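1. everything below, folded, please.
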Amino acid sequence: MATTTTERVIQGSQDFHALNAMLNLYDEDGKIQFSKDREAVDAFFNAHVRPNSVTFASPQARLDYLLREGYYDPRVLARYESSVVLALFAHAHASGFRFQTFLGAWKFYTSYTLKTFDGKRYLESFEDRVVMVALTLARGDETLARQLTDEILAGRFQPATPTFLNG
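-> Numbers count the residues shown, from 1 in each chain. So this is what the prediction gives:
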(Lines give C-alpha, C1' and ligand atoms only; values in the text may rest on other atoms or scores of the structure.)
Protein backbone atom coordinates (compact mmCIF):
# COMPACT_ATOMS: atom_id res chain seq x y z
CA MET A 1 0.00 0.00 0.00
CA ALA A 2 1.40 3.38 -1.01
CA THR A 3 1.71 6.20 1.48
CA THR A 4 0.62 9.58 0.26
CA THR A 5 2.66 12.50 1.53
CA THR A 6 2.77 16.18 0.78
CA GLU A 7 5.74 15.64 -1.54
CA ARG A 8 3.30 14.06 -3.98
CA VAL A 9 1.09 17.13 -4.03
CA ILE A 10 1.98 19.78 -6.56
CA GLN A 11 3.01 22.91 -4.72
CA GLY A 12 1.90 26.37 -5.72
CA SER A 13 -0.96 28.63 -4.83
CA GLN A 14 -3.41 26.43 -3.03
CA ASP A 15 -7.05 27.12 -2.56
CA PHE A 16 -8.98 26.34 0.58
CA HIS A 17 -10.20 23.01 -0.80
CA ALA A 18 -6.66 21.83 -1.52
CA LEU A 19 -5.43 22.95 1.89
CA ASN A 20 -8.33 21.21 3.61
CA ALA A 21 -7.68 18.04 1.62
CA MET A 22 -4.13 18.00 2.97
CA LEU A 23 -5.58 16.90 6.31
CA ASN A 24 -5.70 13.46 4.69
CA LEU A 25 -1.99 13.57 3.87
CA TYR A 26 0.84 13.00 6.31
CA ASP A 27 3.74 15.40 6.57
CA GLU A 28 7.38 14.32 6.27
CA ASP A 29 7.30 13.21 9.93
CA GLY A 30 4.22 11.05 9.38
CA LYS A 31 1.88 13.42 11.23
CA ILE A 32 -1.52 14.79 10.27
CA GLN A 33 -1.20 18.36 9.01
CA PHE A 34 -3.63 20.21 11.26
CA SER A 35 -1.96 23.49 10.33
CA LYS A 36 -3.26 23.05 6.78
CA ASP A 37 -6.82 23.18 8.10
CA ARG A 38 -6.09 26.52 9.79
CA GLU A 39 -4.53 27.74 6.54
CA ALA A 40 -7.67 26.59 4.72
CA VAL A 41 -9.80 28.75 7.02
CA ASP A 42 -7.67 31.80 6.22
CA ALA A 43 -7.72 31.04 2.49
CA PHE A 44 -11.51 30.56 2.56
CA PHE A 45 -12.00 33.96 4.19
CA ASN A 46 -9.58 35.71 1.84
CA ALA A 47 -10.80 34.09 -1.38
CA HIS A 48 -14.49 33.70 -0.69
CA VAL A 49 -16.00 35.22 2.45
CA ARG A 50 -14.54 38.75 2.38
CA PRO A 51 -15.08 39.32 -1.36
CA ASN A 52 -18.69 38.12 -1.08
CA SER A 53 -19.61 40.03 2.07
CA VAL A 54 -21.66 43.21 1.96
CA THR A 55 -19.92 46.02 3.84
CA PHE A 56 -21.60 48.93 5.57
CA ALA A 57 -20.40 52.36 6.65
CA SER A 58 -21.12 51.58 10.30
CA PRO A 59 -22.79 48.99 12.53
CA GLN A 60 -25.82 51.30 12.81
CA ALA A 61 -26.03 51.59 9.01
CA ARG A 62 -25.91 47.80 8.80
CA LEU A 63 -28.74 47.37 11.30
CA ASP A 64 -30.82 50.08 9.61
CA TYR A 65 -30.42 48.36 6.24
CA LEU A 66 -31.22 44.86 7.56
CA LEU A 67 -34.34 46.14 9.30
CA ARG A 68 -35.51 48.32 6.41
CA GLU A 69 -35.06 45.53 3.85
CA GLY A 70 -36.83 42.93 6.01
CA TYR A 71 -33.86 40.74 6.86
CA TYR A 72 -34.15 41.27 10.63
CA ASP A 73 -37.34 41.14 12.70
CA PRO A 74 -37.84 44.58 14.25
CA ARG A 75 -39.73 42.99 17.18
CA VAL A 76 -36.50 41.33 18.36
CA LEU A 77 -34.51 44.55 18.40
CA ALA A 78 -37.39 46.63 19.81
CA ARG A 79 -36.92 44.85 23.15
CA TYR A 80 -33.53 46.55 23.62
CA GLU A 81 -32.11 50.04 23.59
CA SER A 82 -30.16 50.67 20.39
CA SER A 83 -27.01 51.38 22.41
CA VAL A 84 -27.26 47.94 24.06
CA VAL A 85 -27.60 46.19 20.70
CA LEU A 86 -24.67 48.06 19.18
CA ALA A 87 -22.54 47.42 22.27
CA LEU A 88 -23.31 43.70 22.07
CA PHE A 89 -22.28 43.58 18.41
CA ALA A 90 -19.05 45.43 19.29
CA HIS A 91 -18.44 43.03 22.19
CA ALA A 92 -18.90 39.99 19.95
CA HIS A 93 -16.60 41.38 17.26
CA ALA A 94 -13.94 42.15 19.87
CA SER A 95 -14.05 38.58 21.21
CA GLY A 96 -11.34 37.32 18.90
CA PHE A 97 -13.53 34.50 17.64
CA ARG A 98 -11.92 32.40 14.92
CA PHE A 99 -13.21 29.26 13.26
CA GLN A 100 -11.06 26.36 14.40
CA THR A 101 -11.70 24.27 11.29
CA PHE A 102 -12.36 24.85 7.63
CA LEU A 103 -15.42 22.62 7.82
CA GLY A 104 -16.91 24.79 10.58
CA ALA A 105 -16.37 27.98 8.57
CA TRP A 106 -17.62 26.44 5.34
CA LYS A 107 -20.74 25.01 7.00
CA PHE A 108 -21.57 28.32 8.65
CA TYR A 109 -21.21 30.36 5.47
CA THR A 110 -23.04 27.87 3.26
CA SER A 111 -25.88 27.01 5.63
CA TYR A 112 -26.38 29.47 8.48
CA THR A 113 -25.28 33.01 7.76
CA LEU A 114 -27.77 35.57 6.54
CA LYS A 115 -27.40 36.13 2.80
CA THR A 116 -28.90 38.58 0.37
CA PHE A 117 -32.26 37.48 -0.98
CA ASP A 118 -30.59 36.21 -4.16
CA GLY A 119 -28.25 34.07 -2.01
CA LYS A 120 -25.07 35.54 -3.51
CA ARG A 121 -23.68 37.82 -0.79
CA TYR A 122 -23.19 37.54 2.95
CA LEU A 123 -24.85 40.02 5.28
CA GLU A 124 -23.54 38.59 8.55
CA SER A 125 -20.40 37.31 10.15
CA PHE A 126 -20.50 34.50 12.70
CA GLU A 127 -20.39 37.10 15.47
CA ASP A 128 -23.39 38.91 13.98
CA ARG A 129 -25.42 35.69 13.81
CA VAL A 130 -24.49 34.87 17.41
CA VAL A 131 -25.68 38.27 18.62
CA MET A 132 -28.99 38.05 16.79
CA VAL A 133 -29.62 34.56 18.17
CA ALA A 134 -28.70 35.71 21.69
CA LEU A 135 -30.98 38.75 21.45
CA THR A 136 -33.83 36.57 20.23
CA LEU A 137 -33.40 33.95 22.95
CA ALA A 138 -32.93 36.52 25.73
CA ARG A 139 -36.26 38.25 24.94
CA GLY A 140 -35.20 41.62 26.28
CA ASP A 141 -32.91 40.43 29.09
CA GLU A 142 -29.67 42.30 28.40
CA THR A 143 -27.61 40.26 30.86
CA LEU A 144 -28.80 36.97 29.41
CA ALA A 145 -28.14 38.21 25.86
CA ARG A 146 -24.52 38.96 26.76
CA GLN A 147 -24.11 35.64 28.57
CA LEU A 148 -25.52 33.71 25.61
CA THR A 149 -23.26 35.62 23.23
CA ASP A 150 -20.21 34.75 25.31
CA GLU A 151 -21.18 31.09 25.68
CA ILE A 152 -21.80 30.60 21.95
CA LEU A 153 -18.59 32.40 20.94
CA ALA A 154 -16.61 30.29 23.41
CA GLY A 155 -18.13 27.11 22.00
CA ARG A 156 -19.70 26.09 25.29
CA PHE A 157 -23.26 26.43 23.97
CA GLN A 158 -24.62 25.88 20.49
CA PRO A 159 -28.34 26.35 19.86
CA ALA A 160 -30.08 23.72 17.76
CA THR A 161 -30.04 24.25 14.01
CA PRO A 162 -33.53 25.78 13.66
CA THR A 163 -32.79 28.26 16.44
CA PHE A 164 -29.37 29.23 15.12
CA LEU A 165 -30.68 29.48 11.58
CA ASN A 166 -33.74 31.57 12.40
CA GLY A 167 -32.63 33.58 15.43
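2. quick one: residues in contact with the helix or strand containing Val131.
-> Using DSSP states H and E, Val131 falls within helix 126-138. Contacts of helix 126-138 with the rest of the structure, by Cβ atoms under 8 Å, 6 or more residues apart in numbering, involve 72-73, 76-77, 79-80, 85, 88-89, 92-93, 95, 97, 99, 108, 112-114, 124, 144-146, 148-149, 152-153, 159, 163-164, 167. Every C-beta, even on glycine, is put in place using the N, C-alpha and C of the backbone.
3. give me the buried positions along stretch 69-87.
-> Tyr71, Tyr72, Val76, Leu77, Arg79, Tyr80, Val84, Val85, Leu86 (16 or more other Cβ atoms under 10 Å).
4. the residue positioned nearest the centre of the chain and Phe164: what is the separation?
-> Geometric centre of the chain, nearest residue: Phe126, 2.9 Å, by Cα atoms, centre = their mean. Separation of Phe126 from Phe164 (Cβ to Cβ, to the nearest Å): 10 Å.
5. now do Phe45
-> Counting by Cβ to Cβ, the gap from Phe45 to Phe164 is 20 Å.
6. now Met132
-> 10 Å.
7. how about Tyr65?
-> 22 Å.
8. same question, Gly104
-> Gly104 is 13 Å from Phe164, by Cβ to Cβ.
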